[in-house]
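Trainee: kindly return the folded structure for what I paste below:
(one chain, ligands or ions: 2)
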Amino acid sequence: MKVVFIGDIVGNVGRDAVKRLLPWIKDKYQPHIIIANGENAAGGRGINASITRDLFDWGVHGITMGNHTWDNREIFEFIDDEKRMIRPANLAPGTPGRGYTYIKAGSKELAIVNLIGRTFLPPSECPFRAADEILEEVRKKTKCVLVDFHAEATSEKIAMGWHLDGRASLVVGTHTHVQTNDDRILPGGTAYLTDAGMTGPRDGVLGMEKENVLYKFLTGLPTRFQVADTKWILSGLCVEIDETTGKATKIQKIRVDEDTWIAE
Ligand SMILES: C=C(OP(=O)(O)O)C(=O)O
Ligand SMILES: [Mn+2]
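Mentor: Ligands and ions are numbered 1, 2, ... in the order given. Predicted structure coming up:
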């Protein structure tokens, strides 16, 4: 099974890049399933119903979220019914939506799991123990499991990779918006990448206009961040999974921008 994962879609620039590049991604990587992190898809803060619809219409099969899940209040109207969207599983019991789900495409079935880190992020339940419980459950149904660990600290993400090695097909980190260069397949067969990176404005600061971010750093005074309007970058990865064992056989980073991308 081939799965493409697209890193944090940020604002209209990120959405436009996804719409424009999905045909190329489908052609070049031939994925059976495409998963994207959508927590910044609406202006950098959350996601709404029409963007969710667009992503699915364009060919995304499943959407993961993160710390901005609740920023756009519209999500409360559809997150319970939208079984192709997940938010971090280690939020308080009774939180709307679901922390994992099963994505089916043709004869393929992939469990997707969303977790959020606790280092430098608001309090949440233990992501490691939540992962243990969920992996125990989903592996009864399928050995092909993607985990999006939305976290700030590299150490927490690397630790999660080792914690799930042999139990997940892929542990991919999101949230920092900067793709790391540590893609590998761990000894137990789990593909790992500390952060998939961002799909959004290339020439800002983590997708935001650099002027306001610099103003904040230089003056310490409050200011509002807006999604930058610059050339785009698309970041993510493609992973190949042996469906009988659930083990990854290949991981390949994807990172193209408006200047380097050539529609092959
Ligand atoms: C990009 C970041 O945050 P978010 O997208 O969650 O605002 C971050 O804090 O690294
Ligand atoms: Mn985030």
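Trainee: residue 168 and ligand 1, how far apart?
Mentor: Look at residue 168 and ligand 1: by CB to the nearest ligand atom, to the nearest Å, they are 22 Å apart. Yep, even glycine has a C-beta here, placed from its N, CA and C like the rest.
Trainee: if I look at that residue, what pLDDT would I see?
Mentor: Here, the pLDDT recorded for residue 168 equals 98.
Trainee: that one bridge partners, please.
Mentor: Taking DSSP bridges as the rule, residue 168 bridges to residue 165.
Trainee: that one contacts residue 189, correct?
Mentor: No. Between residue 168 and residue 189 there is no contact under CB atoms under 8 Å: 9.2 Å.
Trainee: dump the strand or helix carrying residue 131 to PDB, keeping only the CA atoms.
Mentor: Using DSSP states H and E, residue 131 maps to helix 127-138. What follows is the C-alpha trace of helix 127-138 in PDB, where atoms were taken according to Å, rounded to 0.1, in the frame of the first residue of the first chain:
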ATOM      1  CA  PRO A 127       0.000  10.600  24.300                       C
ATOM      2  CA  PHE A 128       2.100   7.500  24.800                       C
ATOM      3  CA  ARG A 129      -0.500   5.700  26.900                       C
ATOM      4  CA  ALA A 130      -3.200   6.900  24.500                       C
ATOM      5  CA  ALA A 131      -1.200   5.400  21.700                       C
ATOM      6  CA  ASP A 132      -0.900   2.100  23.500                       C
ATOM      7  CA  GLU A 133      -4.600   1.800  24.000                       C
ATOM      8  CA  ILE A 134      -5.500   2.800  20.400                       C
ATOM      9  CA  LEU A 135      -2.800   0.600  18.700                       C
ATOM     10  CA  GLU A 136      -4.100  -2.300  20.700                       C
ATOM     11  CA  GLU A 137      -7.600  -1.700  19.300                       C
ATOM     12  CA  VAL A 138      -6.800  -0.800  15.700                       C
END
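Trainee: for it, packing partners?
Mentor: Other helices and strands packing on helix 127-138, by 3 or more CB pairs under 8 Å, 6 or more residues apart in numbering; DSSP states H and E, are strand 100-105, strand 108-116, strand 145-150, helix 154-164.
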